[in-house]
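In: pasting the sequence and the predicted coordinates here, then a few questions.
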Amino acid sequence: MDKAKLSRRAFLAAGAVGLAVVGAKSGAATPLPPNTRFRDIRVDVSPLAANSGEPTATWMAQSLPTPLHAAFAGRLAPGDRAAPTLIVRIDSVFLGESGNGIAGFAGDVTARDNIQGAGVVVAPDGRTLAVYPLFSVLYNYTGGSNYEVGTAPRRIAELAQAFARWLPGQMGL
């Protein structure tokens, strides 16, 4: 490859990285105060139902509340009418192909499950205070091979647990 092509590729790559950094900083939500408490935690899988359909949305709706309540247990104040509500919205779930999780044919590129959504903090008057987008990836062998019967609900549950574990940190809590 000649130097002109190499220089042009390097310039384009540097520009793409710069745009990604600027976009990440401008879209970043402000962390919540460390003493933030929530009146309630609700799960919204309606975008997931529209994207993936059933039974995926039902499995997520069943799997997500327990790990969310565990992750935010010290931050729940159900009697506090002034406290905001946390709505956890799940937009999409992707279950990758089976693989061994290592590079190569049917390796780490295809053997990934992922979940995308957001934690939406809503004031008692209904105003959206903040939105914290989150994308999480797991190797699919955490829930079992997709060749086995019945692994999809387990894999969805693993994604729900990962999302619940990462969300407080994404919110700065």
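Out: Arrived safely, thanks for sending. Worth saying up front: this structure is predicted, and the values here are computed from it rather than measured.

In: packing partners for the helix or strand hosting W166?
Out: Using DSSP states H and E, W166 sits within helix 151-170. When contacts are defined as 3 or more Cβ pairs under 8 Å, 6 or more residues apart in numbering; DSSP states H and E, helix 151-170 sits against helix 56-63, helix 65-71, strand 85-94, strand 112-122, strand 128-139. Using the backbone N, CA and C atoms, a C-beta is placed for each residue, glycine as well.

In: how many neighbouring residues does the spatially closest residue to A57 that is not a sequence neighbour have?
Out: Using Cβ to Cβ, 6 or more residues apart in numbering and skipping residues adjacent in sequence, the residue nearest A57 is A49, 3.7 Å away. Other residues near A49 come to 16 when the count uses other Cβ atoms under 10 Å.

In: distance of P47 from V131?
Out: Per Cβ to Cβ, to the nearest Å, P47 is found 13 Å from V131.

In: confidence score at the residue nearest to A57?
Out: pLDDT, A49: 95.

In: restricting to C-alpha, output the helix holding W166 in CSV.
Out: Taking Å, rounded to 0.1, in the frame of the first residue of the first chain, the C-alpha atoms of helix 151-170 are listed here in CSV:
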residue,chain,number,x,y,z
THR,A,151,-31.7,-21.7,26.4
ALA,A,152,-33.3,-18.5,25.2
PRO,A,153,-35.1,-17.7,28.5
ARG,A,154,-31.9,-18.4,30.4
ARG,A,155,-29.8,-16.2,28.1
ILE,A,156,-32.4,-13.4,28.4
ALA,A,157,-32.2,-13.7,32.2
GLU,A,158,-28.4,-13.4,32.0
LEU,A,159,-28.7,-10.3,29.9
ALA,A,160,-31.2,-8.8,32.4
GLN,A,161,-28.8,-9.4,35.3
ALA,A,162,-25.9,-7.8,33.4
PHE,A,163,-28.0,-4.8,32.6
ALA,A,164,-29.1,-4.4,36.2
ARG,A,165,-25.5,-4.7,37.5
TRP,A,166,-24.2,-2.1,35.0
LEU,A,167,-27.0,0.5,35.3
PRO,A,168,-26.1,2.0,38.7
GLY,A,169,-22.5,2.7,37.5
GLN,A,170,-23.8,4.2,34.2
